[in-house]
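Colleague: Any chance you could fold what I've pasted below:
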Amino acid sequence: MRLYLLKDYISALQKENLIENIPKNVDFSILGNTAIEKVCHNSKEVKSNTIYICKGLNYKPEYLEEAIKNGAIFYVAEKENVTKLDFPHIVVNDIRKALACVSCMYYDYPAKKINMIGITGTKGKSTTAYYIKSILDNYMKERSMADTAILSSIDAYDGKTCKESLITSPESIDLQAYIRNSVDCNMKNFVMEVSSQALMLNRVHDIYYKVGVFLNISEDHISAIEHPNFENYFECKLKIFNQVETACVNLDSDCIDTILEHSKKAKKVITFSTKNKNADVYGYNIQKQGHNAISFRVRTPEFDKDMLLTMPGLFNVENALAAISIATCLNIPYCNIYEGLKVARASGRMESHISKDGSIIVIVDYAHNKLSFQKLYESTKQEYPDKKIVTVFGCPGGKAQLRRRDLGTLAGINSNISYLTAEDPGPENAVDICKEIASYISKENGNYKIVEDRGEAIKNAILENPNSVILITGKGNETRQKFGKEYLPCLTDTEYAKEALEEYDKKII
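Modeller: From the prediction side, this is the model:
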């Protein structure tokens, strides 16, 4: 990988009008020709010839002292964090954009060497990401080429590493590292979820997407530490259109007129829908096949043919159409689209398990906001009209407080009984969160039980409710729960569910 000189980094920041001040006492005649060996914002990771970025809500001046001690030769900071006037530095007007800018250069602009595919929306990002990855993997395997990199809220895979994600869209320097690894592994496509936080905090600054997808919009991520209101959340989501070549837009989304207006910033727009026949990619004849499969037909400018999904959830047709839209932009043939979708899976998304007597159907899903709950209940009622609905869920602590109202209200209306439990309570008490959710369930005259231990809640929901669909939402196949500031290991919702179903099956024999 190419090593750039310090003066190259300064020039890049100047081109983006990010430099507010270059101190007159800094002599770049010699220092500027130094090859930079590392860029980072963690003082503990600094080594010789490092550019240190003074960034973070919890940044402290002593971090800069530590960085200099560990080998930093230069630092970049906003005005209020300039504490070493006599040490080589520059002052920038936006530290997050500055970090993204120098990160791109440090990893030698990898996003320009791979097809970047970005997916945003309130619901369905992960499933769509895995659908298109499956399609692209099928296409690439047929040609004996490398598979597809993915960065999602489930996991991160770049050809060199595969690990569970703790955040949907990582910090810009970490993102660039993933893309660099993918390029080094000769991958041709990089699929990623693009969160509203990533767009707001410039984590994806300086990345240009070959294809960008806008799935849908609904109120979410509104709190003191996220977005102050829906308008800000929506505005941040719309920013993706500033950096896409081709935009794929779901015509069935709320606020579609605003979305389409902003999509004009892209060079080309592809629309998809299950309701609007004028969409470029139109899905119709949607039918449930057996317990898990869904068939439908899709019309595109290139073909009008059948498709098959082997994941439950009628709403997943929308996600499939988004993936088909991306595939058509990349000129992927129908056969690869069909085969890719037929085997596509998203871990922890609409995973279905059934008791031996067929009485209990368990669905493990990551549904965690208003729109995803609405779609999940709609689909469940359509697919299992003769079953009671039982929901196991909670809400995270310290963020997205409106979810407690929204999910509690929806559960009260749609669920025969809800089991409220711990779901990454973080800085708050899990039972207190559950009680707040319960207050909204009660307003809809709904039934609930509070069982703080998640494994016990899932077990009780399954053993106490025959002839039911048990919806276990929020955690999917995550292996950690956040309590306080720590992530503690736990079984996945799928593992808890399988254990409970085994116990149920033994009782009915």
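Colleague: residue contacts, Asp304?
Modeller: Arg297, Val298 (Cβ atoms under 8 Å, 6 or more residues apart in numbering). (Glycine included, C-beta is placed from N, CA and C.)
Colleague: Tell me how far it lies from Tyr284.
Modeller: 10 Å (Cβ to Cβ, to the nearest Å).
Colleague: repeat for Leu5
Modeller: Distance from Leu5 to Tyr284, by Cβ to Cβ: 57 Å.
Colleague: so what does whichever strand or helix holds Tyr131 touch, helix or strand wise?
Modeller: Tyr131 belongs to helix 125-142 when elements are defined using DSSP states H and E. Packing partners of helix 125-142 (3 or more Cβ pairs under 8 Å, 6 or more residues apart in numbering; DSSP states H and E): strand 115-120, strand 149-151, strand 189-193, helix 316-329, helix 334-343.
Colleague: quick one, the fourth one and helix 125-142 angle?
Modeller: Using axes from the mean of the first three to the mean of the last three Cα atoms, to 10 degrees, the interaxial angle of helix 316-329 with respect to helix 125-142 works out to 40 degrees.
Colleague: May I have helix 316-329 as PDB, with CA atoms only?
Modeller: Taking C-alpha atoms only, helix 316-329 is exported to PDB below (Å, rounded to 0.1, in the frame of the first residue of the first chain):
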ATOM      1  CA  ASN A 316     -39.300  -9.400   2.400                       C
ATOM      2  CA  VAL A 317     -40.500  -9.100  -1.200                       C
ATOM      3  CA  GLU A 318     -39.700  -5.400  -0.900                       C
ATOM      4  CA  ASN A 319     -36.200  -6.200   0.200                       C
ATOM      5  CA  ALA A 320     -35.800  -8.600  -2.600                       C
ATOM      6  CA  LEU A 321     -37.000  -6.000  -5.200                       C
ATOM      7  CA  ALA A 322     -34.300  -3.700  -3.800                       C
ATOM      8  CA  ALA A 323     -31.700  -6.300  -4.300                       C
ATOM      9  CA  ILE A 324     -33.000  -7.100  -7.800                       C
ATOM     10  CA  SER A 325     -32.800  -3.300  -8.600                       C
ATOM     11  CA  ILE A 326     -29.200  -3.300  -7.500                       C
ATOM     12  CA  ALA A 327     -28.400  -6.400  -9.600                       C
ATOM     13  CA  THR A 328     -29.900  -4.800 -12.700                       C
ATOM     14  CA  CYS A 329     -27.700  -1.800 -12.200                       C
END
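Colleague: ok, and for it, which residues are buried?
Modeller: 316-329 (16 or more other Cβ atoms under 10 Å).
Colleague: what's the neighbour count on the closest residue to Leu99 other than its chain neighbours?
Modeller: Computed as Cβ to Cβ, 6 or more residues apart in numbering, the closest residue to Leu99 that is not its neighbour in sequence is Ile53, at 5.0 Å. If you count neighbours by other Cβ atoms under 10 Å, Ile53 ends up with 26.
Colleague: Double-check Ile53 against Phe74; I have them as touching.
Modeller: No - counting by Cβ atoms under 8 Å, Ile53 does not reach Phe74; the two are 10.1 Å apart.
Colleague: From the contact counts, what lies against the least confident helix or strand in the chain by mean pLDDT?
Modeller: In the chain, no helix or strand scores lower on mean pLDDT, DSSP states H and E than helix 28-31, which sits at a mean of 81. Contacts defined by 3+ Cβ pairs under 8 Å, 6+ apart place helix 28-31 against helix 6-15.
Colleague: quick one: average confidence on the helix it packs on?
Modeller: Predicted confidence along helix 6-15 averages 96 (mean pLDDT).
Colleague: Check which residues of that helix are buried.
Modeller: Leu6, Asp8, Tyr9, Ile10, Ala12, Leu13.
Colleague: Can you tell me which of the residues you listed is closest to Thr274?
Modeller: Thr274 lies nearest to Ala12 out of those, by Cβ to Cβ, at 44.3 Å.
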